[in-house]
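# The following block contains a protein sequence and its predicted model.
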There are 2 protein chains.
Amino acid sequence: MTTIQDVARLAAVSVSTVSNVLNGRHDRMRPATLAKVEAAIDMLQFRPSRLARQLKTGQSSLLGLLVPSMANPMYSHIAREVETCARERFGLRLLIGSTYRDAAEEAAFFDDLLAHGVRRVIVISSLADEHHLESAVERGMAVVSYDRRATPGRPSLIGHVTPDNFEAARLATSHLVAQGHTRIAFATIAGSTMSRGDKIAGFLHAVDAAGLRADARILDGGPLNERGDAVIADVGHAVGLRLARHASDGRPVSGIVALNDLMALGLMAGLRAGGRRVPQDVSVVGIDGIFQTALSNPLLSTVLLPVAAMARAMVEQVMDTDAAARTPPRDRLFSELRLIERESVAPPPGAQAAAASTRRPGA
Amino acid sequence: MTTIQDVARLAAVSVSTVSNVLNGRHDRMRPATLAKVEAAIDMLQFRPSRLARQLKTGQSSLLGLLVPSMANPMYSHIAREVETCARERFGLRLLIGSTYRDAAEEAAFFDDLLAHGVRRVIVISSLADEHHLESAVERGMAVVSYDRRATPGRPSLIGHVTPDNFEAARLATSHLVAQGHTRIAFATIAGSTMSRGDKIAGFLHAVDAAGLRADARILDGGPLNERGDAVIADVGHAVGLRLARHASDGRPVSGIVALNDLMALGLMAGLRAGGRRVPQDVSVVGIDGIFQTALSNPLLSTVLLPVAAMARAMVEQVMDTDAAARTPPRDRLFSELRLIERESVAPPPGAQAAAASTRRPGA
DNA sequence: TTGAAAGCGCTAACAT
DNA sequence: ATGTTAGCGCTTTCAA
């Protein structure tokens, strides 16, 4: 490896002059010197070691990104946007870690980041507990989390960027209501997180507003057992199958809002496996807007979240935070949601008149 | 940050003793000393800086992973397996980079890895050219690539791990042949890479063997224009739509093997958008075995690739390579393929008797 | 305008 | 069995 020493020797100047060149302090030398150094640099194809620089300055050029699972399309979409923004705006690379919703894995990831001198992390965690994040802050890290609100009244040192989950679920639910559905369910997985809670609240709000609370149901698909990536779709599949098998029960659900698109996709598959048709027998709406919703059959209606904007906000916020100053980062709630009406929602079976919501299959 | 100095001071020993503890050289000290040091370490919650260690030893605890796009489910699946293996077997974290099939981005990624002292990379690149990889090797990196064979007769310094693309396509094609299809097409995207070439060869081989070459077609969906993640599905969609619109042409294709699952999923959506039914009008087979194939409607029949095994092989190989010794890494071809028969394949329209291949919807 | 030198936190000879 | 010390490649005072 060529070092700053080699460059200095070749250019016949001191290492500090080379360092000045590297750091843009061109005013501190004669143009001729600058030229000599630059010539030496590209003659040797010299790339300064970020490692050594970081050891000296304490500034890392890495950003930590913690995701529950890279194989989940929503998370990889967010990761993609975070990566693009981090690189374009700040020249940062990503040190990524999947933690599979395991507290010990998360802690280990933070330890490793610290050991690598990475002091900025974006966390997409569905762990309800926020202590490990706070403790990372105590250890000098700037952390911004996705899909998690600050506990009201409890000042937090971590930044929160989150979609308006309440509104997303409300929007999805209202869409079903507008189509004439009266027996609506919200399909979720076991365990309560803030974002799940907010979605359920939004669902209940919409259902209440329509006077449909008595017939509303929360379908809990049970826990995510292991390394949860495809698994959430499997839970949806199970819920769909169960629902299909009980379709003959008194008053079957005719419309379902799923916790997210992946679950909705599983739900549709399960419903179909159980012999029920979407949307003729049951309507389904998702939340997220992952690209797979435009490939399913029927095309999945969903609430599109502003992923790129949220990713940008997370990167900016985490870069903005001065860990030393302990500036409590600003929390951001994203409400720019868009209902994408496709094919998975129709009026309930036997309905006379559907509401006049414009259908745009495709989109 | 607490340093090795702090620990030494607290334990009242020298830094080298602490270093010995950190590096497991317990035999070089009295048990009492060891105990003292360990007590100091966890009293201070000390984590040695990998940065400093790396600067000294030259050993990085990071593994580079280059993917065309994190948002592509197949790549994120591979990334997931690579990450798991790297961490479990070698305690390595991942420095990841998406390059969107752009040569300059790839080069920049290698530069950054080098600057970070990362000297082992796993590359999933669809760039046909291998020069930039060779040049990384010249600069001291161990690189293993996915889905790319060595050019026969031309010794390579990079490792190659690849599924048996020829066989995968042959298997998929034979499945259609066995169902009685006679007019079969292979759907691909523009640009030839080694893996694409192999798949096409496998397709042609199967079609030849069945005497169906004259009616076989290669459908080129055109180029991937930009940051290619959902885009390949879009190309598939376009091909499907085009095909549907020309269905009335003389002798329409009745069975399609897609370059990969994502393209197959897009193809099915496009076919449906154009009014054709899968598998009644057209059968479709994919390659890869991403989990989304188990969620589509119809469930997509596909050739499952041994992703976990390949990921493991890549990690092992890249760790195994001694960059200094210039050991040309061993190439590995994975032929453990499994045809998963689901719902997207049926006998062609108007066929009398289907071949006796056992159908297992679901799977 | 340029250079010398200290030191970031660690490891590994080489003493003792 | 334990300690001293010279760097790894860089940045950054401080001097010249």
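Sure, I can see it.

# in the stretch 151-300 of chain A, which spans are strands?
A:159-163, A:184-188, A:217-220, A:255-258, A:283-288 (DSSP state E, counting those that start in this stretch).

# and those strands as a markdown table, adding mean neighbour count?
Placement of C-beta: from N, CA and C, glycine included. Below are the strands of the stretch 151-300 of chain A laid out as a markdown table (neighbours: other CB atoms under 10 Å in any protein chain shown):
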| stretch | mean neighbour count |
| --- | --- |
| strand A:159-163 | 26 |
| strand A:184-188 | 25 |
| strand A:217-220 | 15 |
| strand A:255-258 | 31 |
| strand A:283-288 | 28 |
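
# Include distance to residue B:114 when you put those strands into TSV, please.
Below are the strands of the stretch 151-300 of chain A laid out as TSV (distance: least, CB to CB, whole Å):
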stretch	distance to residue B:114
strand A:159-163	32
strand A:184-188	46
strand A:217-220	50
strand A:255-258	45
strand A:283-288	37
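
# In JSON lines, list the ones you listed along with distance to residue A:72 and mean pLDDT.
Putting those into JSON lines (distance: least, CB to CB, whole Å; pLDDT from 0 to 100) gives the following:
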{"stretch": "strand A:159-163", "distance to residue A:72": "16", "mean pLDDT": "95"}
{"stretch": "strand A:184-188", "distance to residue A:72": "16", "mean pLDDT": "97"}
{"stretch": "strand A:217-220", "distance to residue A:72": "20", "mean pLDDT": "95"}
{"stretch": "strand A:255-258", "distance to residue A:72": "14", "mean pLDDT": "98"}
{"stretch": "strand A:283-288", "distance to residue A:72": "10", "mean pLDDT": "98"}
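
# Please produce a markdown table containing those strands, extended by distance to chain B.
Listed next are the strands of the stretch 151-300 of chain A as a markdown table, based on distance: least, CB to the nearest CB, whole Å:
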| stretch | distance to chain B |
| --- | --- |
| strand A:159-163 | 18 |
| strand A:184-188 | 15 |
| strand A:217-220 | 18 |
| strand A:255-258 | 13 |
| strand A:283-288 | 12 |
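
# Would you tell me which of those gets closest to residue B:39?
Nearest to residue B:39, of all these, is strand A:159-163, at 36.1 Å by CB to CB.

# and residue A:144, that one's in a strand?
Yes: read with DSSP: H, G, I helix; E, B strand; the rest coil, residue A:144 is one of the residues of a strand.

# give me the number of residues near it?
Residues within reach of residue A:144, counting by other CB atoms under 10 Å in any protein chain shown, total 27.

# Same question for residue A:1.
12.

# Contact partners for it?
Remark: with contacts taken as CB atoms under 8 Å, 6 or more residues apart in numbering or on different chains, residue A:1 is in contact with A:49, B:140.

# quick one on the thing from earlier: rebuild the strands of the stretch 151-300 of chain A as JSON lines, extending it with distance to DNA strand D.
Converted to JSON lines, the strands of the stretch 151-300 of chain A look like this (distance: least, CB to the nearest atom of the strand, whole Å):
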{"stretch": "strand A:159-163", "distance to DNA strand D": "26"}
{"stretch": "strand A:184-188", "distance to DNA strand D": "50"}
{"stretch": "strand A:217-220", "distance to DNA strand D": "54"}
{"stretch": "strand A:255-258", "distance to DNA strand D": "50"}
{"stretch": "strand A:283-288", "distance to DNA strand D": "42"}
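
# among those, which is nearest DNA strand C?
The closest of the strands of the stretch 151-300 of chain A to DNA strand C is strand A:159-163. By CB to the nearest atom of the strand, the value is 25.9 Å.

# Contacts for the closest one, please.
Contacts of strand A:159-163 (CB under 8 Å, 6+ apart): A:142-150, A:195, A:305-306, A:310, A:313-314, A:317-318, A:321, A:329-335, A:337.

# filter those by proximity to chain B?
Among these, proximity to chain B is found for none (CB under 8 Å from any CB of the partner chain).

# Please narrow these to those residing in strands.
A:142-146, A:332-334 (DSSP state E).

# which of the contacts of strand A:159-163 are buried?
The neighbour-count criterion (16 or more other CB atoms under 10 Å in any protein chain shown) marks A:142-150, A:195, A:305-306, A:310, A:313-314, A:317-318, A:321, A:329, A:331-332, A:334, A:337 among the contacts of strand A:159-163 as buried.

# quick one: the helices in chain A?
Ranges of helices in chain A, per DSSP state H, are A:4-11, A:15-22, A:31-44, A:50-57, A:73-90, A:103-115, A:131-138, A:165-178, A:194-209, A:231-245, A:261-273, A:307-320.

# Let me have the ones you listed in TSV, adding mean pLDDT and distance to residue B:264 as columns.
TSV is the format used below for the helices of chain A (pLDDT from 0 to 100; distance: least, CB to CB, whole Å):
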stretch	mean pLDDT	distance to residue B:264
helix A:4-11	95	52
helix A:15-22	96	50
helix A:31-44	95	47
helix A:50-57	96	42
helix A:73-90	96	17
helix A:103-115	94	34
helix A:131-138	88	41
helix A:165-178	98	29
helix A:194-209	96	32
helix A:231-245	94	18
helix A:261-273	98	16
helix A:307-320	96	25
